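Enquirer: Generate coordinates for the sequence data below:
(chains A and B)
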Amino acid sequence: MTKKSNTNLVELESEAIYIIREATAQFEKPVMLFSGGKDSICMAWLAKKAFYPGKIPFPLMHVDTGHNFPETLEFRDRFVESIGAEIIVRTVQDSIDTGRSTDETGPGASRNGLQTVTLLDALNEFKFDAAMGGARRDEEKARAKERFFSHRDAFGQWDPKNQRPELWNLFNGRKKMGEHFRVFPISNWTELDVWSYIHREEIDLPNLYFSHEREIIVRDGVILGWAPFVELFPGEEIQKRFVRFRTIGDITCTGAVESPASSLDEILAEIVSTRTTERGGRADDKRSEAAMEDRKKQGYF
Amino acid sequence: MSIVNDSRDILRLTTAGSVDDGKSTLIGRLLYDSKAIFQDQMEALELASKLRGEEEVNLALLTDGLRAEREQGITIDVAYRYFSTPKRKFIIADTPGHEQYTRNMVTGASTADLAIILIDARNGVLTQSRRHGFLASLLGISHLLVAVNKMDLVDWSKSQYQEIVAEYTAFSEKLKIHDITFVPVSALMGDNIVNQGNRMKWYDGPTVLHHLEKVTIVADRNLTDFRFPVQYVIRPHQDFRGFAGRLSSGTITPGEEVVALPSGRYTKIRAIHTTDGKLDSARAGESVTLTLEDEIDLSRGEMLVRSHNMPIVSTRFDAMLCWMDETQPLKMNSPYFLRQTTRETQSFVRELTYRVDINSLHRDLDAKTLELNEIGRLTIETSQPMFFDPYERNRETGGFIIIDPTSNRTVGAGVIRGEKREIPSLGPDHAETVEKSANVVWHTGEISLKQRETRNNHEAACYWFTGLSGSGKSTLARAFEQKLFAEGKQVFVIDGDNVRHGLNGDLGFSSEDREENIRRIGHVARLMYNAGIIVLCCFISPTRALRDFVRGLFPEGRFNEVHVQCGIDECIKRDPKGLYKKALAGEIPDFTGVSAPYEEPDRAEYVIDTAHQPVDICVEMLGLDSDS
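Expert: As a prediction, this is how the structure comes out:
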């Protein structure tokens, strides 16, 4: 058979598959993080392709904040089954209940930062020594400097000044006991690449990505989905609008855009002409100019 | 533009320039004028510029990502940027050009098709401009774009520009880069970056972006030499054994005859598998899974090639190495892990021919080591044969990194020039150089280790007894040997004193000779292991590096380091050969435990305390796992 044309996607796909295989070969117990968002869906799809006709030789893991959209969770289970993978779920709620984490309170509260504790605990629990994530370098300034193989010390921390140089396609995953790696197979993909790839491969997505009517609030110019646990600031009111999400994270911090795009073609067309980045809708990045860098140093993705 | 049938390719480029050459501004300008900056990024940029008290939007802030950099006002690490135009997609590795960051430029250049070198029009060609050209050439970049920046500050002077062009052209004739394009620009004001502007009408060449869109890179890829390093073996069931990997170079189609390295076995490609079905062909850069016509032994780190187009197979090669570690300099004759394609092996730097002064390009023949950011030409020896091509011909199989076995840091990056054909001289009487055959492939023979093990009814293994003189290594090994022999096993003890008589009779006790002693014994043990024997070796082997070298000769799980533990006082008391007495009297220099250090093993499979236990108990402890 002949290949589906798209020169640059073929190159990016081959690169990502190479990284996934490399992580699997170099580490004893890798895991792939899965959030139900398009990037991790794309990555899990690539994992399936990397080991075809064999099964994906590692589990997926979802760190559930308890503030996920119900659509994401329903989709997660269906998708994981469709690619024949295993999934482990660990919840932030458990970390809170056992006193490992404390919930933020008040209207701006987000559990996004709390994922770090749950994630590190889960890596410890299963003795995972490499966690693959769907982060991309084009997302954010701090991520632009991230390696494919990113070394974390025994506390899960990232030291941006002490990263291992990565040359050619050679990745150094050697580590001491207790240390682990984060691996980012789709580092070199842009938002548009991910969408084009999903389109090309006809990958199923949660319907949150497509235009739908939903109850929302507008906060600091960002449209947030409303759920019963979202506290309102004075003056905020719940409205109904036709929106879709460009990224999917916690309900409390994932911004939506008003959009009529209800098919992949329409979404692609919208992205090509769009003028804001997808993280422009992430309330968590707006906390300070170096918000992402701070979270990454602590062990966040 | 159709997104689904997008035939645009990707150009990977790297940028180099000194701190004040305006590199970040140039990239910012490229992104800004090609409309690759989003509205929210623009807003964040305006805010950040204002906070710094700058009136104009500071385009450099777009790429200076990390907070530490913003505080110091310089880029300290490689950052990757993405943008695209209707013609092409671009990945920029933005690397700092500051003196101490040669490491970063080498990193960025290793994957780049093209390098942009910035020269400040006011300063002309500086040593760093030459250094950047040299590094680009060393890393095999085929295309160089020299952007002569800050033309606004020299009154858009044509003559100043031409002077720089002439000087750099003369310099670049020494390099291996054949495609050099010069563009006069003002990154700050935008002239000749994306748009031409009207202030340099005397220049009629392409703008920076125009050149990036047009330059041909297809021809740079090696599509001739088929090299397939096996990355992972996929075996979902009995009837499918797929070799997963990415073609380093060349192309392949089903039915073609291939050779597996290092076994030298011939077979044919049965099929090229992907989730989307079987493919008619695969080419350089593609990740695929290959199945073969015959069942042959092949695993990660090994390679499939064509029989009439083989890479060099050797354990010694000539290379240029850039040292990348700030914590310690290169150690000669010390073990490092070496990684090339998917293969990892132990390696030693045997000889430093010269160090290059990357500013003057002069060669220092007296250099003894390499420090951070220094580059040298040297000879590397590996414990397993490597399959490689000269870097000039093949970037994927000619590039390697070396890793410090203690810190696990990537401490060096190298490019292979070719095979090193001399073997080390055996002493003053054997000083002549011996030519090695270029195509020596390890012969596996017709009887495999597996077959030998099946007949022997046990696995082959190596037990390496290390410890102070008098700690009981030989006693323990001899007792263990008797036990295994009584169980009907093939077993043999190699003892330190015995090998010193014949095999290593030419060696003394200098540290080099001691190393060579262990190196030879390691290989002898490996040969005996290949013959199916359980080899017991008793050597003080005082350093971890020495023991790790031997460990690297054996497959995982077959090498057992036995730390024979006994306090120095007890050893002195025992002193079976009277050596401690002499050493303490100063008659034997560098005696381990007395006047030379013993590095205790940190990952020994067995730790046996002989000071407090009788021999038979010690042997029992070893025996516990000897059947598994």
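Enquirer: Helix, strand, or coil at B:Ile463?
Expert: Small correction: residue B:463 is Tyr, not Ile. Put simply, B:Tyr463 is strand when judged by DSSP: H, G, I helix; E, B strand; the rest coil.
Enquirer: Can you report how many residues lie near it?
Expert: B:Tyr463 has 25 neighbours, counted by other CB atoms under 10 Å in any protein chain shown. Using the backbone N, CA and C atoms, a C-beta is placed for each residue, glycine as well.
Enquirer: That one and B:Ala219: what is the separation?
Expert: In this structure, B:Tyr463 and B:Ala219 are 55 Å apart, going by CB to CB, to the nearest Å.
Enquirer: who touches the closest residue to B:Gly496 other than its chain neighbours in this structure?
Expert: Nearest residue to B:Gly496 in three dimensions, chain neighbours excluded: B:Phe539, at 5.1 Å (CB to CB, 6 or more residues apart in numbering or on different chains). Neighbouring residues of B:Phe539 by CB atoms under 8 Å, 6 or more residues apart in numbering or on different chains: B:Trp464, B:Phe465, B:Thr466, B:Lys473, B:Gly496, B:Ile518, B:Ile521.
Enquirer: buried residues in stretch B:579-592?
Expert: The neighbour-count check on stretch B:579-592 (16 or more other CB atoms under 10 Å in any protein chain shown) flags B:Leu579, B:Tyr580, B:Ala583, B:Ile588, B:Phe591, B:Thr592 as buried.
Enquirer: Next up, identify which helix or strand the closest residue to A:Met61 other than its chain neighbours is on.
Expert: Leaving aside its sequence neighbours, A:Met61 sits nearest to A:Ile88 (CB to CB, 6+ apart; 4.5 Å). For A:Ile88, the host element (DSSP states H and E) is strand A:87-91.
Enquirer: Using CSV, write down the CA coordinates of the helix or strand that that strand is followed by.
Expert: Reading on from strand A:87-91 to the C-terminus, the next helix or strand found by DSSP H and E is helix A:92-97. Extracted C-alpha coordinates of helix A:92-97, given in CSV (Å, rounded to 0.1, in the frame of the first residue of the first chain):
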residue,chain,number,x,y,z
VAL,A,92,-6.2,13.8,43.9
GLN,A,93,-9.2,13.3,46.2
ASP,A,94,-7.4,10.3,47.7
SER,A,95,-4.3,12.4,48.3
ILE,A,96,-6.4,15.0,50.0
ASP,A,97,-8.2,12.4,52.1
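Enquirer: gap between helix A:92-97 and the chain center?
Expert: Relative to its chain's centre, helix A:92-97 lies at 20 Å (CA atoms, centre = their mean, to the nearest Å).
Enquirer: again, but for stretch B:250-259
Expert: That offset, for stretch B:250-259, works out to 27 Å (CA atoms, centre = their mean).
Enquirer: quick one on the thing from earlier: hmm, the residue nearest to A:Met61 is touching A:Leu119, no?
Expert: No: A:Ile88 lies out of contact with A:Leu119 (CB atoms under 8 Å); the separation is 11.6 Å.
Enquirer: of those two, who's got more company?
Expert: A:Leu119 (23 against 15).
Enquirer: Quick check: the more buried one vs chain B, distance?
Expert: A:Leu119 sits at a distance of 22 Å from chain B (criterion: CB to the nearest CB, to the nearest Å).
Enquirer: so where does the spatially closest residue to A:Ser187 that is not a sequence neighbour fall, helix or strand?
Expert: Sequence neighbours aside, A:Arg137 is the residue nearest to A:Ser187 in space, at 5.1 Å (criterion: CB to CB, 6+ apart). Assigned by DSSP H and E, A:Arg137 falls within no helix or strand.
Enquirer: same question, B:Tyr82
Expert: According to DSSP H and E, B:Tyr82 maps onto strand B:79-84.
Enquirer: partners of that strand, with directions?
Expert: Here strand B:79-84 is paired, per DSSP bridges, with strand B:89-94 (antiparallel).
Enquirer: from the chain's centre, how far out does the partner strand sit?
Expert: Worked out by CA atoms, centre = their mean, strand B:89-94 lies 23 Å from the chain centre.
Enquirer: any idea which helix or strand comes after the longest helix along chain B?
Expert: In terms of residue count, the longest helix belonging to chain B (DSSP state H) is helix B:511-530. Next in sequence after helix B:511-530, counting helices and strands by DSSP H and E, comes strand B:534-538.
Enquirer: which helices and strands does that next one pack with?
Expert: Here strand B:534-538 touches strand B:461-466, helix B:473-486, strand B:491-495, helix B:511-530, going by 3 or more CB pairs under 8 Å, 6 or more residues apart in numbering or on different chains; DSSP states H and E.
Enquirer: Format these as CSV; extra columns: mean pLDDT and distance to B:Ser334.
Expert: Output for the helices and strands packed on strand B:534-538, formatted as CSV (pLDDT from 0 to 100; distance: least, CB to CB, whole Å):
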stretch, mean pLDDT, distance to B:Ser334
strand B:461-466, 95, 18
helix B:473-486, 91, 24
strand B:491-495, 92, 24
helix B:511-530, 89, 9
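Enquirer: Deepest-packed of the ones you listed, please.
Expert: strand B:461-466 (a mean of 26; mean count of other CB atoms under 10 Å in any protein chain shown).
Enquirer: give me the element A:Gly134 is part of.
Expert: Using DSSP H and E, no helix or strand contains A:Gly134.
Enquirer: Count the neighbours of it for me.
Expert: Number of residues near A:Gly134 (other CB under 10 Å) recorded here: 26.
Enquirer: ok, and the closest non-adjacent residue to it?
Expert: Using CB to CB, 6+ apart and skipping residues adjacent in sequence, the residue nearest A:Gly134 is A:Asp39, 3.4 Å away.
Enquirer: what's whichever strand or helix holds the one you found packed up against?
Expert: Using DSSP H and E, the secondary-structure element containing A:Asp39 is helix A:38-51. Judged by 3+ CB pairs under 8 Å, 6+ apart, the packing partners of helix A:38-51 are helix A:7-26, strand A:30-33, helix A:70-82, helix A:191-201.
Enquirer: same thing but 7 Å
Expert: Using 3 or more CB pairs under 7 Å, 6 or more residues apart in numbering or on different chains; DSSP states H and E as the contact test, the elements touching helix A:38-51 are helix A:7-26, strand A:30-33, helix A:191-201.
Enquirer: Could the C-alpha coordinates of the second one be exported in PDB?
Expert: What follows is the C-alpha trace of strand A:30-33 in PDB, where atoms were taken according to Å, rounded to 0.1, in the frame of the first residue of the first chain:
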ATOM      1  CA  PRO A  30       7.600   3.000  32.000                       C
ATOM      2  CA  VAL A  31       4.100   4.400  32.100                       C
ATOM      3  CA  MET A  32       2.200   6.800  29.800                       C
ATOM      4  CA  LEU A  33       0.200   9.500  31.400                       C
END
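Enquirer: ok, that strand: who's next to it in the sheet?
Expert: strand A:60-64 (parallel), strand A:130-132 (parallel).
Enquirer: Could you provide those in CSV, with additional columns for mean neighbour count?
Expert: Listed next are those as CSV, based on neighbours: other CB atoms under 10 Å in any protein chain shown:
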stretch, mean neighbour count
strand A:60-64, 23
strand A:130-132, 27
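Enquirer: Any chance of JSON lines for the ones you listed, columns mean pLDDT?
Expert: Output for these, formatted as JSON lines (pLDDT from 0 to 100):
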{"stretch": "strand A:60-64", "mean pLDDT": "93"}
{"stretch": "strand A:130-132", "mean pLDDT": "96"}
